[in-house]
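Undergrad: What follows is a predicted protein model with its sequence.
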Amino acid sequence: MPYYRVITPKNELDFDARQEIATGFTDVHCGISAAPRNFVHVEFMETDKPGVIDDSHGAGQFSYDTKYYIAGGNRAGRPQEIKDQILNGLIGKFCEVTGISKNDVSGHISEAPAKWTMEGGHVLPDPGEEPPEWYAADTVAASGS
Amino acid sequence: MIEFVCVVQEGCIPENIREDLANGIVKSCNEVLGEDQGPIIFHWREIAKGLAFRGGYPSTTSQVKGKIPDGCSQEDRELLMRKICDSWSTISGTSDDDAIIGIRDATWQG
């Protein structure tokens, strides 16, 4: 976690644009939260039938009526203003990279308890409870520097 | 009922080992949760190359996301995740870092 799915029409974004968005989302998330960069996952889902997508972190579904949609899944426990800041940052970054109007993009971030997920062989810590050793696994950031 | 969604990256988890991976998850569930939890259903989804990123770089990471009956203790949940992680890594020949294991309550609303 986090896990951000970006729903777009088919063949709308090339690889370079997708990677720029994914890197931008990583910047946004890590600029606000304490997550190591290699814990930020971004998937692009292409479809010509927008409208509904299953929640990755809960039992429900997200309905949307915009051309582009960001479906996020994060660790639970952050204040609402932080969650809003993350989502607004993601939408802003997506629009910055693509030139698409914010009116055409919407999103939602759902949450699940951190302790329900194991990543890198370790149970995730709650937001704000990250131990120093958590960052030792941030090999992506190291290789990208 | 227990349900698993396994999301893998194209070229990383061959189709011919997926049955073994599923069997490893079933064995883990039976050992930790017991064999009376009802059927265990699997859904597989493969992400095409170039559509998934981790830290801004192309991803090779698999996700194993399970929904189990509510009421599991954290101790058992961690044990289940540990067993699934070990089984997945052993069968696929990947490292712990190449798999995310999530086990949530079936009724959790997100």
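TA: Yep, it's here.

Undergrad: Strands of chain B, start to end?
TA: In chain B, the strands defined using DSSP state E lie at B:2-9, B:40-47, B:52-54, B:57-58, B:62-68, B:99-105.

Undergrad: and of these, who's closest to chain A?
TA: strand B:52-54 (3.5 Å; Cβ to the nearest Cβ). C-betas here are computed from N, CA, C, even on glycine.

Undergrad: so what's the closest residue to chain A within chain B up against?
TA: Of all residues in chain B, B:Gly110 sits closest to chain A, with a separation of 1.9 Å (Cβ to the nearest Cβ). Applying Cβ atoms under 8 Å, 6 or more residues apart in numbering or on different chains to B:Gly110 gives the contacts A:55, A:57-60, A:73, A:110-112.

Undergrad: secondary structure element for the residue nearest to B:Gly110 when sequence neighbours are not counted?
TA: Distance criterion Cβ to Cβ, 6 or more residues apart in numbering or on different chains; nearest residue to B:Gly110, sequence neighbours excluded, is A:Gly58 at 1.9 Å. According to DSSP states H and E, A:Gly58 maps onto no helix or strand at all.

Undergrad: got the contact list for A:Gly58?
TA: A:110, A:112, B:104, B:108-110.

Undergrad: from chain A, which residue is nearest to chain B?
TA: For chain A, Cβ to the nearest Cβ, closest residue to chain B: A:Gly58, 1.9 Å.

Undergrad: got the phi/psi numbers for that residue?
TA: A:Gly58 adopts backbone torsions of phi -150, psi 180, taken as degrees, to the nearest 10.

Undergrad: what about stretch A:99-117, how long is it end to end?
TA: Stretch A:99-117 has an end-to-end distance of 35 Å (Cα to Cα, to the nearest Å).

Undergrad: ok, now stretch B:49-67?
TA: End residues of stretch B:49-67 are separated by 27 Å (Cα to Cα).

Undergrad: for the longest helix seen in chain B, packing partners?
TA: Taking DSSP state H as the criterion, chain B has its longest helix at helix B:74-92. Counting contacts by 3 or more Cβ pairs under 8 Å, 6 or more residues apart in numbering or on different chains; DSSP states H and E, helix B:74-92 packs against strand A:117-119, helix B:18-33, strand B:62-68, strand B:99-105.

Undergrad: how many neighbours does B:Asp36 have?
TA: 6 (other Cβ atoms under 10 Å in any protein chain shown).

Undergrad: for the most centrally placed residue in chain B, which residues make a bridge with it?
TA: The C-alpha lying nearest the average C-alpha coordinate of chain B belongs to B:Val64 (Cα atoms, centre = their mean; 2.4 Å). Counting by DSSP bridges, B:Val64 forms beta bridges with B:Cys6, B:Ile101.

Undergrad: picking up where we left off before, reformat the strands of chain B as JSON lines; add distance to A:Glu130.
TA: As requested, the strands of chain B are exported to JSON lines (distance: least, Cβ to Cβ, whole Å):
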{"stretch": "strand B:2-9", "distance to A:Glu130": "25"}
{"stretch": "strand B:40-47", "distance to A:Glu130": "27"}
{"stretch": "strand B:52-54", "distance to A:Glu130": "18"}
{"stretch": "strand B:57-58", "distance to A:Glu130": "22"}
{"stretch": "strand B:62-68", "distance to A:Glu130": "21"}
{"stretch": "strand B:99-105", "distance to A:Glu130": "17"}
